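Novice: here is a sequence together with a model predicted from it:
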Amino acid sequence: EEQEEDVLRELRLFLRNVTERLALDRRFKAFTKPVDIEEVPDYLMVVKRPMDLSTLLTNIDEQKYVTVGEFVSDADLVWQNALEYNPDSDPMDRHIRHRACALKDTVRAIIRDELDEDFERVCEDIKESR
Ligand SMILES: O=C(C1CCC1)N1C[C@@H]2C[C@H]3C[C@@H](O)[C@@H](O)[C@]2(C1)O3
């Protein structure tokens, strides 16, 4: 339906805007590109579902997300993976975990402040109808 495609287009615009703002934040530089598997050969033994901000943008453009909730589930992988792969007490790991926690809190704050619950309900109704 035309109205449904209008809603999903608005969803993509919102999700691109959120993701681009995260990618511009200097705290989140390490999250902007996939972890380099050649640089970190054991990464896929630890992290089963890699995710990063550039891949979120590609997913948005490939129309992978029909609700904000589906997007947030993938966005959560970015900081969850960082906490999982960098658990040690050394300063580098602690620095990465601090930024991972900042990413978690920032995503939640943006969604709380900027997502209209009625809009998300319309997206969820479209998802259930498909
Ligand atoms: O988890 C990550 C990224 C940080 C947030 C995502 N990496 C795993 C490696 C461990 C640590 C130091 C470097 O070896 C660098 O390659 C990585 C990249 O950071």
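Specialist: Done, it's in.
Novice: okay, CA-based contacts and neighbour counts for the rest of this
Specialist: Noted.
Novice: write out the residues of this structure neighbouring the ligand.
Specialist: 30-31, 35, 39-40, 82, 85, 96 (Cα under 6 Å from any ligand atom).
Novice: now distance to residue 10 and neighbour count too, for the residues you listed, in a markdown table please.
Specialist: Shown next, in a markdown table, are the residues of the chain next to the ligand (distance: Cα to Cα, whole Å; neighbours: other Cα atoms under 10 Å):
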| residue | distance to residue 10 | neighbour count |
| --- | --- | --- |
| 30 | 28 | 16 |
| 31 | 25 | 22 |
| 35 | 30 | 17 |
| 39 | 38 | 8 |
| 40 | 37 | 9 |
| 82 | 30 | 23 |
| 85 | 35 | 17 |
| 96 | 33 | 21 |
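Novice: which of those residues lies closest to residue 19?
Specialist: Distance to residue 19 across those (Cα to Cα) is lowest for residue 31, with 11.1 Å.
Novice: quick one: pLDDT of residue 129?
Specialist: As predicted, residue 129 sits at a pLDDT of 98.
Novice: look up phi and psi at it.
Specialist: Taking degrees, to the nearest 10, you get phi -80, psi 0 for the backbone angles of residue 129.
Novice: from the ligand, how far off is it?
Specialist: Relative to the ligand, residue 129 is positioned 36 Å away (Cα to the nearest ligand atom, to the nearest Å).
Novice: how near is that residue to residue 122?
Specialist: 11 Å (Cα to Cα, to the nearest Å).
Novice: the more surrounded of the two?
Specialist: It is residue 122, of residue 129 and residue 122, that has more neighbours when counted by other Cα atoms under 10 Å, with 16 against 7.
Novice: which strand or helix spans the closest residue to the ligand within the chain?
Specialist: Taking Cα to the nearest ligand atom as the measure, the chain has residue 82 as its residue closest to the ligand, at 4.6 Å. Element membership for residue 82, per DSSP states H and E: helix 68-85.
Novice: relative to helix 68-85, how tilted is whatever helix or strand comes next after that helix?
Specialist: Using DSSP H and E, the helix or strand that follows helix 68-85 in sequence is helix 91-114. Interaxial angle of helix 91-114 relative to helix 68-85 (axes from the mean of the first three to the mean of the last three Cα atoms, to 10 degrees): 170 degrees.
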